[in-house]
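Q: Here's a sequence, model it:
(2 chains)
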Amino acid sequence: MSAPTLKIENLKLGFKLWSGMVEVLHGISLHIGKGERVALVGESGSGKSVTARIVLGMLQEISTARISGSLNFEGIDLDKLKPRDRHHLRGTRMSMIFQDPTSSLNPVYPIFTQFREVLARANPAIGEAEARMKAIAALADVSINEPERVLDSYAFQLSGGMNQRVMIAMALANNPSLLLADEPGTALDVTVQAQTLKLMSDLVEQHGTSVLFISHNLGVVREFADRVYVIYKGRIVEQATTKQLFSDPQHPYTRALLSAVPRITGGGIPDIAEDTAGFLDPLIAHPGASEKERLA
Amino acid sequence: MPALVRILAKRLATSLVVLIGVSILIFAIARIIPGDPARIALGPNATADAVAVLRDKLHLNDSIVVQYGYFVSDLFHGDLGISLYTNRPVTRDIADFLPATLELVFVSGLMMVLLGIPLGVLSARYRGTWIDHTIRLVTLLGVSAPSFVWAVILMLLLAYFVPLFPVAGRLSDGSGFQPITGFLLFDTLARGNLHAFADALWHVILPAFALALSGIGQAARLVRSNMVETYNKPYIEMAEAYGFSARRIARRYAFRPSLIPSLTIIGLDFAAMLGNAFLVESVYAWPGLSKYGVAVILRKDLNAIVGTVLIISAMFLIVNIIVDLLVSVVNPRIRLSERPA
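A: Numbering: from 1, shown residues only, chains lettered A, B, ... in the order given. The predicted structure follows:
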């Protein structure tokens, strides 16, 4: 196997406050192979989203953030890159999809203007006609019927599902090797979310794009991911293939998480035991997981 | 752009309704204020007969509705009546005094926009740094004192102690320049008299700056707060995730959307300068309409009051229409909602 698309080792993140340091990530390690779709699952505040932003280098711009550990992207140590070169990866080799598609698009410019800006990240000299052609092709890929009309529309004129497709098309337009999907479509209703995720799933498979899929929705993770890391309070507590994790959850937190999914047969949202002592147990790695990550 | 034409037509129609309302209101208020305008105009020594004759001439003995009828029919002939204060047609007074005020307010407004907005943008882009803190402190000063205080302070500092600028007036004595329209900055250029242009500009800077200061402060603070709020929107994060440059994000992702709420208020501030101009005009002996308006109110000069207020309201409405058009250019939502169904 060649170098993994993304390899994170012992990543720690803290914020310096007046009262001292607050550590948010306590040393997480994960890797994503080429073309692999990996989910990072956990509750709000567990550190999922900050992980994606560190990979992009966005948190590094906050002066109070203290980050350590190593980030390796396609065999390159990201921290050894010049800031300029690292910044250049954004929107070209790595891209990101956000929770709420409609509010993630600029309200005062039509879709095409933003699409062109995205395409210009990879090819700054791109002309109007070429950008339009590429954008139309990209929108057709996400099953948008009237790409011309959509390009000349504003985000507020389109439905949430349509905007989500636009976001997916933008994210894949420059053919990145890594897609960071931060709770994509959580703001949409479930059927639209399912449709667009299916679309995204097909496309990344075609493009061979690796995906870090961040979610709290286990149903979606089960559909979409090859492997799963469960994160709790800034620590990875369990990692396994999707199949292993859902059939045989080992860590107390994972079990609690899985039992928290409301079932159509059961009476509403199940209770979760108050006793959370076991949630901070050390990492449980299922057979086949990498040695390094086992130690984390 | 047809959408803009439609917006313009709509605003013009509503403005006309507002103007009619204002005319009725100010017409009634001017007549309700206690005191007999004829008596005030003729002075305490005039005979009762003379006062009665003038009252009759001004139709003051008729009912207020009939008086308004006379006023409207005169208005359609371009006649606002005779001012009892200057003994000249009100229209001529307005033509004489309005350009001075408009010139002052226009230069002030330009200063407000050209200084206030960039300061706000700078402050927002470097939010939390010393640049931001300095700008916020300085603009707070601008907001916290009324314009006439600034007028006096600036005059003392920059015209009296350090005589960089003239103390009063619109042109230096003995310049002998003959205005055409009354807009001196325009007239001097039209005549190709650069010397007089520089002179007029030199005279307008201090009063305009005094009038603009609070507007500059307000515009800067408003632009800053709206832009900082916009910086927290998801589309800014998306732009950052795509690696757009900080400059591009500031201009196209933070400033443009944040301009929509800012513009409306800046437009109102601009229009409010017409009223605030009075004290600045008084301090700098600026022969403008605001000063004239206050003088005629104190003398209960009915025709002049109504005429002045109508003209100032019309200016206010024109500024508002311009702002509405600008907002709809910046805000696609408004523009698109004007599409024919």
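Q: State the distance from the residue in the stretch 51-200 of chain A positioned nearest to chain B to residue A:96.
A: Residue nearest to chain B within the stretch 51-200 of chain A: residue A:90 (3.1 Å; Cβ to the nearest Cβ). (Each C-beta comes from the backbone N, C-alpha and C, glycine too.) Noted for residue A:90: a distance of 8 Å to residue A:96, by Cβ to Cβ, to the nearest Å.
Q: any common contacting residues for those two?
A: A:56, B:241-242 (Cβ atoms under 8 Å, 6 or more residues apart in numbering or on different chains).
Q: just to revisit the earlier point, who has more neighbours out of residue A:90 and residue A:96?
A: residue A:96 (29 against 21; other Cβ atoms under 10 Å in any protein chain shown).
Q: Could you point out the helix or strand that follows the helix or strand hosting that one?
A: Element membership of residue A:96 [criterion: DSSP states H and E] is strand A:94-97. Later in the chain than strand A:94-97, the nearest helix or strand by DSSP H and E is helix A:111-122.
Q: List the buried residues in whichever helix or strand comes after that next one.
A: As assigned by DSSP H and E, the chain's next helix or strand after helix A:111-122 is helix A:128-141. Buried residues in helix A:128-141, counted by 16 or more other Cβ atoms under 10 Å in any protein chain shown: A:131-132, A:134-136, A:138-139, A:141.
Q: For helix A:128-141, name the packing helices and strands.
A: If you count contacts as 3 or more Cβ pairs under 8 Å, 6 or more residues apart in numbering or on different chains; DSSP states H and E, helix A:128-141 packs onto helix A:111-122, helix A:147-151, helix A:160-173.
Q: What's the mean pLDDT across it?
A: Summarised as a single mean, pLDDT over helix A:128-141 is 93.
Q: Could you do stretch A:26-40 as well?
A: 91.
Q: before we move on, what SS does residue A:180 have?
A: With DSSP: H, G, I helix; E, B strand; the rest coil as the basis, residue A:180 sits in strand.
Q: does it have beta-bridge partners, and which?
A: Using DSSP bridges, the bridge partners assigned to residue A:180 are residue A:96, residue A:212.
Q: Quick check, pLDDT for it.
A: At residue A:180, pLDDT is 94.
Q: wait, doesn't it sit right on residue A:93?
A: No. Residue A:180 is not in contact with residue A:93 according to Cβ atoms under 8 Å; the separation is 11.5 Å.
Q: Going by how many neighbours each has, rank these two and give me the top one.
A: residue A:180 (26 against 17).
Q: Let me see the contact set for that one.
A: A:52, A:55-56, A:94-97, A:211-212, A:214, B:241.
Q: which of the residues you listed lies closest to residue B:214?
A: residue B:241 (39.9 Å; Cβ to Cβ).
Q: count of residues packed around that closest one?
A: Around residue B:241 there are 24 residues (other Cβ under 10 Å).
Q: Need the nearest residue in space to it, chain neighbours excluded.
A: residue A:96 (4.2 Å; Cβ to Cβ, 6 or more residues apart in numbering or on different chains).
Q: near chain B, which residues of the stretch 151-296 of chain A show up?
A: Proximity of the stretch 151-296 of chain A to chain B, by Cβ under 8 Å from any Cβ of the partner chain, involves residues A:154, A:156-157, A:170, A:180.
Q: bridging residues for the residue of the stretch 51-200 of chain A closest to chain B?
A: residue A:94.
Q: From residue A:176, how far out is it?
A: Distance of residue A:90 to residue A:176, computed by Cβ to Cβ: 9 Å.
Q: and if you look at residue A:287?
A: Taking Cβ to Cβ, one finds residue A:287 at 31 Å from residue A:176.
Q: more neighbours, these two?
A: For residue A:287 and residue A:176, the more surrounded residue by other Cβ under 10 Å is residue A:176, and the numbers stand at 23 against 7.
Q: these two touch, right, the more buried one and residue A:96?
A: No. With contact defined as Cβ under 8 Å, residue A:176 does not count as touching residue A:96 (9.3 Å).
Q: Residue B:237 belongs to a helix, doesn't it?
A: Yes. Counting by three-state DSSP, residue B:237 falls inside a helix.
Q: Return the residues in contact with residue A:147.
A: Counting by Cβ under 8 Å, 6+ apart, residue A:147 has contacts A:135-136, A:139-140.
Q: Quick check: closest non-adjacent residue to it.
A: residue A:139 (3.7 Å).
Q: With residue B:88 instead?
A: Counting by Cβ to Cβ, 6+ apart, residue B:88 lies nearest to residue B:82, which is 7.0 Å off, once chain neighbours are set aside.
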